[in-house]
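J.: model this:
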Amino acid sequence: MSEVDIRLMTVEDVDKVHEIEKNSFTMPWTKESFWNELTNNYFAVYHVAEYEGEIVGYCGMWLVLDESQITNIAILPDYRGRGLGEKLLVAVMNAAKKKGAAVMSLEVRVSNEPAQGLYKKLGFQPGGIRKNYYSDNQEDALVMWVRLS
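T.: Okay, here's the model as predicted:
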């Protein structure tokens, strides 16, 4: 497998990231949401994963004081199962730690066992349930946490 490059997302990446978003989620964010995250949200930090010169994934987080929250993470369907999501999330976890974050959290659908498996592999632990979190089908979200320091 070729090397994956992880770098900070720029506004020039929004169109491609939005395509990944639409191919990954039933209730995708708008292009404007990503643009606003990059240009107006002081707490937002987004990374992209490039594989063979193409953006194939992204991950966003908010950093507030010593806590980081994953807002979203996605890999194009054709590139899943190759370890790219793991490399992306590890890079984002390291970036959060370097910026002073002590913990990281995220929400994941209770039915998304592959994602939960990745998160557990990287040290995330269940921390609670958000009832009816997902508005498309009222599915619960599992909140997961990991200590970074």
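
J.: The host helix or strand of Leu38 - what's its average pLDDT?
T.: Counting by DSSP states H and E, the secondary-structure element that holds Leu38 is helix 31-40. Here helix 31-40 scores 96 as its mean pLDDT.

J.: helices or strands up against that helix?
T.: Contact analysis of helix 31-40 by 3 or more Cβ pairs under 8 Å, 6 or more residues apart in numbering; DSSP states H and E lists helix 14-22, strand 44-51 as its packing neighbours. Quick note: C-beta positions are derived from backbone N, CA and C, even for glycine.

J.: quick one: contacts of the lengthiest helix in the chain?
T.: In the chain, assigned by DSSP state H, the helix with the most residues is helix 84-98. Residues external to helix 84-98 that are found in contact with it (Cβ atoms under 8 Å, 6 or more residues apart in numbering): 4, 6, 45, 47, 49, 51, 56-59, 61, 63, 68, 70, 73, 75, 104, 118-119, 121-122, 146, 148-149.

J.: How about stretch 19-34?
T.: Stretch 19-34 is contacted by residues 14-15, 17-18, 46, 55-58, 72, 74-77, 134-137 when judged by Cβ under 8 Å, 6+ apart.

J.: Point out the ones among these that are inside helices.
T.: Residues from those lying in helices, with DSSP H as the criterion: Val14, Asp15, Val17, His18.

J.: re the thing from before, could you pick out the buried ones from the contacts of helix 84-98?
T.: Buried subset of those (neighbour count, 16 or more other Cβ atoms under 10 Å): 4, 6, 45, 47, 49, 51, 56-59, 61, 63, 68, 70, 73, 75, 104, 118-119, 146, 148.

J.: Of the ones in helices among the contacts of stretch 19-34 - the most surrounded one?
T.: Within these, most neighbours by other Cβ atoms under 10 Å means Val17, with 24 neighbours.

J.: For Lys97, see how far away it is.
T.: Summarising the geometry, the distance separating Val17 from Lys97, computed by Cβ to Cβ, to the nearest Å, is 23 Å.

J.: Could you report the neighbour count for Leu65?
T.: By the measure other Cβ under 10 Å, the count of residues near Leu65 is 9.

J.: out of everything not next to it in sequence, what's closest to it?
T.: Taking Cβ to Cβ, 6 or more residues apart in numbering, and ignoring the residues beside it in sequence, Leu65 has Gly100 as its nearest neighbour in space, at 7.9 Å.
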